[in-house]
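> Kindly generate the corresponding structure for this input.
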Amino acid sequence: MPVCDNDVKDIEDFMSESDVTPNERYNAKKNVVVRHRKPKQADKTEEESTIADSIIPGTQKIYVKTWGCSHNNSDSEYMAGQLAAYGYKIIDQEEMADLWLLNSCTVKTPAEDHFRNSINKAKELNKYLVVAGCVPQAQPKLDYIKGVSVVGVQQIDRIVEVVEETFKGHSVRMFGQKKKDGKKSGGASLSLPKIRKNPLIEIIAINTGCLNACTYCKTKHARGELGSYGIEELVERAEQSFREGVCEIWLTSEDTGAYGKDIGVTIVDLLWRLVEVIPEGCRLRIGMTNPPYILEHLEEISKILEHPRVYSFLHVPVQSGSDSVLMDMKREYCVDDFKHLVDFLKQRDPNVTVATDIICGFPTETEEDFEESMDLVRRYKFPSLFINQFFPRPGTPAAKMPRIPTREVKKRTKKLSELFKSYTPYDHKVGEQQQVLVTEDSFDGRYYVGHNKYYEQVLVPKKDNVLGKILEVQIVSTGKHYMIGELVTETMTTPSIAQPLPKGHVSGIQEDTVKEGALSKNSTSWFAVAVYIVIFVVILDLAKVSYHYLLSL
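All right, here's what the predicted structure looks like:
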């Protein structure tokens with residue numbers, strides 16, 4: 001059946017007599033006024049979003065700033081390494097950077113104040129911003145980090161994702177814990193790329209968190225319960241570092257003495273394994289340990305400290321010389337425990353260096369309690385003493401305790417500082433000959449800095465090719481925190497390791513880069529061969545055409 005009647009000849013036949021004729025339609029155009037259409041706000045937003053999404057990732061400059069302990073510094077090295085491996089450029093000039101990565105410390109109020117000021121400065125300069133470390137991890141709802149991208153202390157392996165999204169204009173927050181076999185682990189993989197601040201020094205975090213619950217400490221809120229890396233993973237990281245020219249390894253954590261208690265091993269097990277792989281001319285420094293757990297291993301620890309490739313140095317914070325205050329701090333040891341530790345190590349090696357910390361003005365500290373801390377310093381004359389004024393950290397039990405007047409806290413801090421300055425621990429060493437491992441520049445740039453067996457700082461003349469070497473020096477003068485040595489002989493001990501990576505070079509990707517380079521080279525070769533074949537075939541075809549053309553003439 002036909003769809004239309006046969007009378008309909010064309011499309012125009014559908015028009016009725018009342019419709020506007022084509023002639024009338026075209027004549028009416030002269031009365032039409034063209035007006036400019038304003039773009040809607042939604043269109044502008046969409047355009048801006050498109051521009052933001054069009055930023056090429058991995059091409060921007062990033063400034064990295066770190067506060068706090070060596071664990072934080074290690075985290076920053078890993079984050080910088082991943083960003084650089086992805087293509088971002090890590091720079092030291094904050095004003096030239098497109099994005100600031102700020103890695104914070106929550107131990108003291110002044111450190112957090114500096115962190116907050118840096119955030120405000122970044123915002124004033126319209127910089128993209130990512131924050132990390134213990135402050136946002138412990139207090140993610142702080143007003144001054146609202147709308148700011150955050151990477152948690154155990155999520156540093158996702159820094160590239162966070163930075164990419166931040167450049168797109170998004171606010172990203174990555175928290176959470178790393179787990180292995182259902183238990184909290186030490187954190188992100190130790191095999192990640194990193195940029196060492198000093199190419200000669202590798203900082204290895206052996207565990208994160210701790211087993212204590214000190215009433216003044218905010219770090220526990222950020223780092224949490226103990227999580228340890230496996231021994232073989234740590235040994236493998238140390239071996240990789242030596243292959244990359246590192247001559248000094250620092251073990252770090254919130255409490256090295258507690259290492260392994262969550263995975264059924266001990267700090268002693270780890271140290272003996274590491275000693276096996278330390279090359280000649282290299283050194284190992286054991287990081288901070290609280291008294292309760294290191295007391296269990298004093299005999300073995302003293303033997304390890306005597307090893308020629310391990311610094312005879314231990315950092316053991318006592319925090320107070322008063323048992324009453326230690327109890328209120330929930331430090332889980334008494335002053336006699338600390339004295340036993342120091343005396344035991346000194347009996348084995350009188351020159352061993354024991355560094356410690358003391359907090360002045362804890363809320364329950366009386367004048368008598370403070371004098372006990374003074375007596376402890378008078379007894380041992382610690383060559384390295386970290387004196388800290390008490391600061392109440394939000395959310396800690398100590399912050400709720402009635403405070404000692406600030407004036408009195410400052411008075412005690414000054415008094416202890418004056419006692420520390422009153423003695424010079426190195427005067428008797430003038431004239432000694434010592435071997436020192438040279439690893440860095442002095443702050444004023446006049447000397448190189450080395451450390452002797454007891455991790456005492458020795459300044460040596462700046463000469464070519466001494467960094468990373470062990471020198472024989474004679475001590476000619478001393479200061480409060482250092483000795484100055486002159487070379488006894490030009491002979492130097494060179495570590496039996498590779499040349500150190502250039503400063504700023506990314507660790508952990510050198511071998512991959514070489515493989516990629518070889519692959520690229522092979523690919524280029526095959527491409528060239530393919531081009532030659534194509535050219536040859538084209539020439540051959542042209543020759544055939546020419547031949548047939550000539551025959552046809």
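> now the helices for the stretch 251-400 of the chain?
Using DSSP state H, counting those that start in this stretch, the helices assigned to the stretch 251-400 of the chain run over residues 267-277, 291-294, 298-305, 323-329, 335-348, 367-380.
> Could you identify which of those is most buried?
Most buried of those by mean neighbour count (mean count of other C-beta atoms under 10 Å) is helix 291-294; its value is a mean of 21. In this view, the C-beta of every residue, glycine as well, is placed from N, C-alpha and C.
> mean confidence score for that helix?
The predicted model assigns helix 291-294 a mean pLDDT of 94.
> just checking, what packs against it?
Under the contact definition 3 or more C-beta pairs under 8 Å, 6 or more residues apart in numbering; DSSP states H and E, helix 291-294 sits against helix 335-348.
> Start and end of stretch 436-455, how far apart?
The first and last residues of stretch 436-455 sit 9 Å apart, counting by C-alpha to C-alpha, to the nearest Å.
> which parts of it are buried?
By neighbour count with 16 or more other C-beta atoms under 10 Å, stretch 436-455 contains the buried residues 436-440, 447-455.
> Check stretch 385-393 too.
Judged by neighbour count using 16+ other C-beta under 10 Å, the buried positions of stretch 385-393 are 385, 387-391, 393.
> Repeat that for stretch 104-121.
Within stretch 104-121, the residues that qualify as buried are 104-108, 111-112, 114-116, 118-119, counting by 16+ other C-beta under 10 Å.
> which of those sit farthest apart?
V107 and I119 (18.1 Å; C-beta to C-beta).
> since we're on S496, how many residues are nearby?
11 (other C-beta atoms under 10 Å).
> Is it correct that it falls within a strand?
No: checked against DSSP: H, G, I helix; E, B strand; the rest coil, S496 lies outside a strand; its state is coil.
> From L284, how far out is it?
Summarising the geometry, the distance separating S496 from L284, computed by C-beta to C-beta, to the nearest Å, is 15 Å.
> and what of S253?
The span separating S253 from L284 equals 14 Å under the rule C-beta to C-beta.
> which of the two has more neighbours?
Neighbours were tallied for S253 and for L284 using other C-beta under 10 Å; the higher tally belongs to S253 (29 against 20).
> wait, the more buried one sits on N290?
No: taking C-beta atoms under 8 Å as the contact criterion, S253 and N290 are not neighbours in contact, 10.5 Å apart.
> so where is this structure shaky, pLDDT-wise?
Within the chain, the ranges that satisfy pLDDT under 70 run 1-55, 510-553.
> List the contacts of Q434.
For Q434, the contacting residues are 452-453, 458, 472-475, 485, taking C-beta atoms under 8 Å, 6 or more residues apart in numbering as the criterion.
> can you give me phi and psi for it?
The phi/psi pair for Q434 (degrees, to the nearest 10) reads phi -140, psi 150.
> That one and G485, how far apart?
Taking C-beta to C-beta as the measure, Q434 and G485 are separated by 7 Å.
> now L211
Using C-beta to C-beta, one gets 41 Å for the distance from L211 to G485.
> part of a strand, is I249?
Yes: membership of I249 in a strand is supported by three-state DSSP.
> what's the spacing between the closest residue in space to Q319 that isn't next to it in sequence and K183?
With sequence-adjacent residues excluded and distances taken as C-beta to C-beta, 6 or more residues apart in numbering, Q319 is closest to I359, at 5.2 Å. Using C-beta to C-beta, one gets 32 Å for the distance from I359 to K183.
> same deal with T353?
In this view, T353 and K183 are 35 Å apart by C-beta to C-beta.
> These two - which one has more neighbours?
Just comparing T353 and K183: by other C-beta under 10 Å the higher neighbour count belongs to T353, 22 against 14.
> so that one touches N452, yeah?
No: between T353 and N452 no contact is recorded; they are 9.6 Å apart, counting by C-beta under 8 Å.
> Now do the shared contacts for those two.
With contacts defined as C-beta under 8 Å, 6+ apart, no residue is adjacent to both T353 and N452.
> ok, back up a step: sort out for me which of the buried residues of stretch 385-393 are in strands.
385, 387-389 (DSSP state E).
> With distance to P308 as new columns, can those residues be given to me in a markdown table?
Formatted as a markdown table, those follow (distance: C-beta to C-beta, whole Å):
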| residue | distance to P308 |
| --- | --- |
| L385 | 27 |
| I387 | 33 |
| N388 | 34 |
| Q389 | 39 |
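> Run through the strands of the stretch 351-500 of the chain in chain order.
Using DSSP state E, counting those that start in this stretch, the strands of the stretch 351-500 of the chain run over 353-360, 385-389, 433-441, 447-451, 457-461, 470-478, 483-493.
> Now distance to G187 too, for these, in a markdown table please.
Compiled in a markdown table, the strands of the stretch 351-500 of the chain are given as follows (distance: least, C-beta to C-beta, whole Å):
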| stretch | distance to G187 |
| --- | --- |
| strand 353-360 | 24 |
| strand 385-389 | 25 |
| strand 433-441 | 26 |
| strand 447-451 | 28 |
| strand 457-461 | 30 |
| strand 470-478 | 33 |
| strand 483-493 | 35 |
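> who wins for proximity to L305 among those strands?
Counting by C-beta to C-beta, L305 lies closest to strand 353-360 out of the strands of the stretch 351-500 of the chain; the figure is 9.6 Å.
> What helices and strands are in contact with the closest one?
Helices and strands in packing contact with strand 353-360 are listed as strand 313-315, helix 335-348, helix 367-380, strand 385-389, helix 406-421; criterion 3+ C-beta pairs under 8 Å, 6+ apart.
> Can you check which of these gets nearest to K218?
Closest of the helices and strands packed on strand 353-360 to K218 is strand 385-389, at 13.1 Å (criterion: C-beta to C-beta).
> List the strands paired with that closest one, with their directions.
For strand 385-389, the paired strands and their directions (DSSP bridges) read strand 353-360 (parallel).
> Any chance you could list what contacts the partner strand?
Strand 353-360 is contacted by residues 216, 311-321, 329, 341-342, 345-346, 370, 373, 376-377, 380, 382-390, 409, 412-413, 416, 454-456 when judged by C-beta under 8 Å, 6+ apart.
> now the helices and strands packed on strand 353-360 as TSV including distance to D427?
Supplementary listing: those in TSV, determined by distance: least, C-beta to C-beta, whole Å:
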stretch	distance to D427
strand 313-315	20
helix 335-348	19
helix 367-380	17
strand 385-389	17
helix 406-421	14
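> Let me know which of those is the nearest to A97.
Between A97 and the helices and strands packed on strand 353-360, the shortest separation by C-beta to C-beta is 31.7 Å, and it involves strand 385-389.
> these two touch, right, N120 and Y144?
Yes: counting by C-beta under 8 Å, a contact exists between N120 and Y144, whose distance comes to 7.4 Å.
> Next up, the contacts around K146.
So K146 contacts nothing (C-beta under 8 Å, 6+ apart).
> Which phi and psi values does it adopt?
Main-chain torsions, K146, degrees, to the nearest 10: phi -70, psi 130.
> Let me know the distance separating it from E161.
Taken as C-beta to C-beta, the spacing of K146 relative to E161 amounts to 21 Å.
> again, but for N73
As it turns out, when the distance is counted by C-beta to C-beta, N73 lies 22 Å from E161.
> More neighbours: these two, which one.
Residue environment comparison for N73 versus E161 gives the larger neighbour count to N73, 21 against 14, counting by other C-beta under 10 Å.
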